[in-house]
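J.: predicted model and sequence follow; I will ask about them next.
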Amino acid sequence: MNVDFGVLPPAGDPHLHDRARLRRQIYERSYDNSTDIPKAVDCKYLSRDAPASSNQRHLQVLEIVNFLRTWPQKATTTQCLAQQLSQNILIGGFQESCEKTALNDRLGIDIAANWGSLVKSCREQQTPFTLMFMLAPMSYGSKADMSLVKTLAAFTVYEELKAVELPAWVEYRDFQPNQVPQLDNLIQVLGPFKTPAPKDDGDELKSFASAKQLRRMRDQKAAWDHKADNDCAFLAKFLLAQWPCIEPGVTDISKPLLVDIEAALGVVRVEWKRLYRNKDLCAHLSTV
């Protein structure tokens, strides 16, 4: 019984087999004594040791690695760091060093949300190769902001940046440079806490009231609302005069106001503290 198993396919890359066979034939005698040696067609070799000019992410990695390797005396980072960071909702504080060690974490890191911890790590770390393995993956990330990455690298190199005092807050939200409380905004926040006009027994009898009585009730309500508006403006100016402070107080107000002061302060202080924290961050960034 004859069984035809056929020809087994060659193992490995056919191109490499053909190249080896053609090279070997140069030194072997042909079977038919022919002097014609078949020539192989050269294939273009695509090297992987140098980045293509179109591979922007690879070039970004080389740029930051070269910066950390050479430690230049001068470097261009960003024209306005505060404006650059203000494009983010959350900016992380400077309490702890960055603990993101996994490659995936560094590739996809939100630089602004971890800004403070990254700055602290760069200021404390002195080993160039450790810094390369920290900042290079961030540079390769699809959403990498190279101006921020280069600023982080500058914190590792320049002693002037290492000496800058760091603010103490945990985080900074909705940061905008040089933002301060505004009178119109404070009045708008205080508006819902105005004391409403007391109900008059005559309100239920308006349909039976004379024109003179209706006019008197309208005048009384208008006078109440006018005083409440003035009290809101007074309280807003009183609070605004205390800026900058971490928390405004009302103990020095000597006259009664048609405003629920305690409830209003509970809302005002939240926004006030946010602006105060951002003021400290702005002062820090202005020295960087």
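T.: Alright, I've got the coordinates.

J.: what separates the helix or strand of the chain with the lowest mean pLDDT from the chain centre, distance-wise?
T.: Considering only helices and strands, the least confidently modelled element of the chain by mean pLDDT, DSSP states H and E is helix 14-25, at a mean of 80. If you compare the mean C-alpha spot of helix 14-25 with that of the full chain, they lie 55 Å apart, counting by Cα atoms, centre = their mean, to the nearest Å.

J.: in the helix or strand following it, which residues are buried?
T.: Counting by DSSP states H and E, the element after helix 14-25 in chain order, helix or strand, is helix 56-70. Using 16 or more other Cβ atoms under 10 Å as the burial criterion, the residues of helix 56-70 that qualify are 60, 61, 64, 65, 67, 68. To be clear about C-beta, it is placed using only N, CA and C from the backbone, and glycine gets the same treatment.

J.: can these go into TSV with extra columns for distance to residue 149?
T.: As requested, the buried residues of helix 56-70 are exported to TSV (distance: Cβ to Cβ, whole Å):
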residue	distance to residue 149
60	8
61	10
64	6
65	11
67	9
68	11
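
J.: now, which of those sits nearest residue 140?
T.: Of all these, the one with the least separation from residue 140 (Cβ to Cβ) is residue 61, at 5.0 Å.

J.: how near is that closest one to residue 46?
T.: From residue 61 over to residue 46 the distance is 19 Å, taken as Cβ to Cβ, to the nearest Å.

J.: check contacts around residue 148.
T.: Taking Cβ atoms under 8 Å, 6 or more residues apart in numbering as the criterion, residue 148 is in contact with 78, 84, 85, 111, 112, 115.

J.: burial count for residue 73?
T.: Taking other Cβ atoms under 10 Å as the neighbour definition, residue 73 ends up with a count of 7.

J.: oh, that last question was meant for residue 96, not what I typed.
T.: Using other Cβ under 10 Å, residue 96 has 12 other residues around it.
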